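In: need a structure here:
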Amino acid sequence: MTNRKEITAGIIIIGNEVLSGRTKDINTSTLAKWLNSIGIEVKEVRVIPDIEATIIENVNHLRKKFNYIFTTGGIGPTHDDITAESIAKAFNVEYGFHKEAYSILENYYKPGEFNDGRQKMAKMPTSANLILNPTSGAPGFNIGNVFCLPGVPSILQSMIGGLNNVLIGGDPILSITISLRTVESEIAKSITEIQNKNNDVEIGSYPFFRAGKLGVSIVIRSSNKKKLDGCYQQIYKFVEKKGIEIVEEV
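Out: Below is the predicted model of the structure:
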């Protein structure tokens, strides 16, 4: 959409508990917002079960499709945490105790607490690079362009900042949201005309219902601030001309 080199990412949320609805997925939002801020655009998100063949198939497909892949979940101490071994098989590399990860965890726990379950968290592709965990000790890892993170949202959030200097992004993706007291059918033609004139800006419209009233949020996104602002002015102009109430601008 712009003349910059597009850097893309895919996200794979791994876990039966997410598919069953027992656990709410908020990691997608956390990762997407962070990646956008460093100029990496999320192009696809998949939610898959804790099944080895499924993990391998999805990882191998998406890692060839996008610049980066992020997985969440399945790297803990229990029997159904199979992501690390599945990733090793996807890359056809050795799986076992990672020396540095083992040392980190051995030092993290008190004597006698580093049991078999906790030792399992040091098992991963032995050639992987570690993603340090400032919250609970157990590191994530990356191999190639695949980055494996835990499923616990607070832990994941504490770890991603450490990757800012590892990833190569493009220009940060900027956005403006204009919330209007209207319906989509009233603005569809005008939005389409503006989008056709602004190929370097992504425009989306999203209905909402607040305080018993309907409305539409128009979200405009681009890595080019000048083009983003120009598009905003065009939208503002038609909104003002039609006399549509602006509820909020962010």
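
In: Give me the spatial nearest neighbour of residue 11, chain neighbours excluded.
Out: residue 45 (4.6 Å; Cβ to Cβ, 6 or more residues apart in numbering). Quick note: C-beta positions are derived from backbone N, CA and C, even for glycine.

In: Give me the distance between the one you found and residue 72.
Out: 10 Å (Cβ to Cβ, to the nearest Å).

In: Of those two, give the one with the bigger neighbour count.
Out: Shown here are residue 45 and residue 72; by other Cβ atoms under 10 Å, residue 72 has more neighbours (28 against 16).

In: all helices for the protein, in order.
Out: 16-19, 27-37, 52-65, 83-91, 99-108, 116-120, 153-160, 184-197, 225-242 (DSSP state H).

In: I'd like those laid out as a markdown table, including mean neighbour count, mean pLDDT and distance to residue 170.
Out: Below are these laid out as a markdown table (neighbours: other Cβ atoms under 10 Å; pLDDT from 0 to 100; distance: least, Cβ to Cβ, whole Å):
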| stretch | mean neighbour count | mean pLDDT | distance to residue 170 |
| --- | --- | --- | --- |
| helix 16-19 | 16 | 95 | 29 |
| helix 27-37 | 18 | 96 | 10 |
| helix 52-65 | 16 | 98 | 17 |
| helix 83-91 | 23 | 98 | 26 |
| helix 99-108 | 16 | 96 | 31 |
| helix 116-120 | 14 | 94 | 37 |
| helix 153-160 | 18 | 96 | 18 |
| helix 184-197 | 14 | 94 | 22 |
| helix 225-242 | 15 | 94 | 14 |
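
In: Export those helices as a markdown table, with columns for distance to residue 166.
Out: Output for the helices of the chain, formatted as a markdown table (distance: least, Cβ to Cβ, whole Å):
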| stretch | distance to residue 166 |
| --- | --- |
| helix 16-19 | 26 |
| helix 27-37 | 13 |
| helix 52-65 | 16 |
| helix 83-91 | 17 |
| helix 99-108 | 16 |
| helix 116-120 | 25 |
| helix 153-160 | 10 |
| helix 184-197 | 35 |
| helix 225-242 | 26 |
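
In: Any idea which of the ones you listed gets closest to residue 172?
Out: The closest of the helices of the chain to residue 172 is helix 27-37. By Cβ to Cβ, the value is 5.6 Å.

In: Give the other helices and strands that the closest one contacts.
Out: strand 8-14, strand 41-48, strand 68-72, helix 153-160 (3 or more Cβ pairs under 8 Å, 6 or more residues apart in numbering; DSSP states H and E).

In: pLDDT on the third one, on average?
Out: The predicted model assigns strand 68-72 a mean pLDDT of 98.

In: Parallel or antiparallel, which strands does it pair with?
Out: Strand 68-72 sits in its sheet next to strand 8-14 (parallel), strand 146-149 (parallel), going by DSSP bridges.
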